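Chemist: Pasted the sequence and its predicted model underneath.
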Amino acid sequence: MFGLFKKKDTFAPLIVDMHCHLLPNVDDGSSSPEETVRSLKAMYTVGYRKVFLTPHFQARYPNIEDDIKKRFEVLKKAIAKSGEKNLPEVVDIAGEYRFDPLFARMPGVDKVLTLPGKTLLCEFSLHNNGYMPIDIFSDYIKMGYKLILAHPERYPYLNAHSTEVKKMREMGVAFQVNILSLNGFYGESAKRKGFEYIEKGLSEYLGTDTHNMRYIAALLETAENKEVQRVLKNYNFKNAELIK
Ligand SMILES: [Fe+2]
C-alpha cells in the first residue's frame with residue numbers, strides 16, 4: 001500500500017506528534033502492538049521522530065489512568081522487542097479528554113495524563129449541537145493547566161469567527177488542527193476550516209490523530225499534498241516545544 005507514495009519528510013519541521021491513538025486495545029485506535037509498530041514506522045518515513053500517545057478518556061471509552069500507564073509500559077517492551085530501528089521515540093503517555101455532558105470529569109482529578117508542562121489535550125463532542133463547557137476550561141486554567149483544544153475544525157457548530165473561539169483564545173486556550181483534515185479526510189468543511197484556523201494564526205499545533213492503518217495511509221497521502229507542504233513551510237507550529 002505504501003509503495004504508491006514516494007516518502008516525503010513533509011512533517012519533519014514538527015518533529016513531534018502530540019495526538020494519536022496508537023496505544024493498542026483501549027479505544028477505537030490501534031488494535032495490536034504490531035499495528036502500532038507498523039504505524040510508527042510509517043510516521044518515521046514522513047518526518048516524525050517523537051510521539052506522545054493520547055488515548056481517549058470519555059464516556060464511550062472509560063479509561064482509567066493507572067491502567068493506561070501499565071499498558072504503556074507493556075507497549076514499550078513490545079516496541080523494544082520488535083527490533084525495529086527506524087521508529088519515532090514514543091516519549092510518553094497522555095490523554096485526549098472529552099468534555100461533554102456524559103463525561104463529567106471535574107477539576108481536582110490529580111491523575112490526569114497530560115503532555116509536558118501540564119498541558120491537557122481536550123476535545124468536545126463532534127455531535128452535541130454545540131455543548132462547549134468553557135467554564136470547565138477556566139477551572140482547569142486556574143489550577144495551572146495549559147489547554148489545547150483538539151481539531152477545532154471538526155466541530156460543525158464552531159468556526160474561526162465564533163464567539164466561543166474568541167472567548168477560548170482570550171483565556172489562552174491553544175488549538176490543534178488535524179493534519180488529515182487538510183487533505184479532506186473528514187470532508188470539505190473540515191478541510192476549509194482547518195486551513196482557515198492555520199492561516200488566521202489560530203492553530204499552534206498540528207496533530208495526526210492517527211488511529212490505525214487507514215489513517216496512516218491517509219497521512220502518507222497527505223505528505224504529498226502541495227498545499228500541506230506549503231503550510232509546513234510557511235507557518236511555525238509549537239509541537240517541538242513539547243520536548244524542550
Ligand atoms: Fe483523537
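Modeler: Arrived safely, thanks for sending. No experiment lies behind these values; they were computed from the predicted model shown.
Chemist: alpha carbons only for contacts and neighbour counts from here, please
Modeler: Noted.
Chemist: element containing I216?
Modeler: helix 213-222 (DSSP states H and E).
Chemist: The longest helix along the chain packs against which elements?
Modeler: With secondary structure taken from DSSP state H, the chain has its longest helix at helix 65-82. The contact analysis (3 or more Cα pairs under 8 Å, 6 or more residues apart in numbering; DSSP states H and E) places helix 65-82 against helix 33-45, strand 89-93.
Chemist: Among these, show me which one is buried the most.
Modeler: Of all the helices and strands packed on helix 65-82, helix 33-45 has the most neighbours on average by mean count of other Cα atoms under 10 Å, namely a mean of 21.
Chemist: Give me the pLDDT for F5.
Modeler: For F5, the model assigns a pLDDT of 46.
Chemist: now N178
Modeler: 98.
Chemist: Tell me the spacing between it and K191.
Modeler: Using Cα to Cα, to the nearest Å, one obtains 9 Å as the distance from N178 to K191.
Chemist: With neighbour numbers in mind, choose between those two.
Modeler: Ranked by neighbour count (other Cα atoms under 10 Å), N178 and K191 place N178 first, with 26 against 21.
Chemist: need the helices for the chain, in chain order.
Modeler: Using DSSP H, the helices found in the chain span residues 33-45, 65-82, 134-142, 163-171, 188-199, 213-222, 226-234.
Chemist: Now do the longest one: everything it contacts.
Modeler: Contact with helix 65-82 is made by 23-24, 26, 33, 37, 90, 93, 111-113, as judged by Cα atoms under 8 Å, 6 or more residues apart in numbering.
Chemist: can you check the fourth one too?
Modeler: Contacts with helix 163-171, where a contact means Cα under 8 Å, 6+ apart, come from 134, 138, 158-159.
Chemist: Quickly check these for the two that are furthest apart.
Modeler: Maximum pairwise distance among these (Cα to Cα): 20.3 Å, between S138 and N159.
Chemist: Any stretches of this protein with poor pLDDT?
Modeler: Along the chain, the model assigns pLDDT under 70 to residues 1-7, 102-110.
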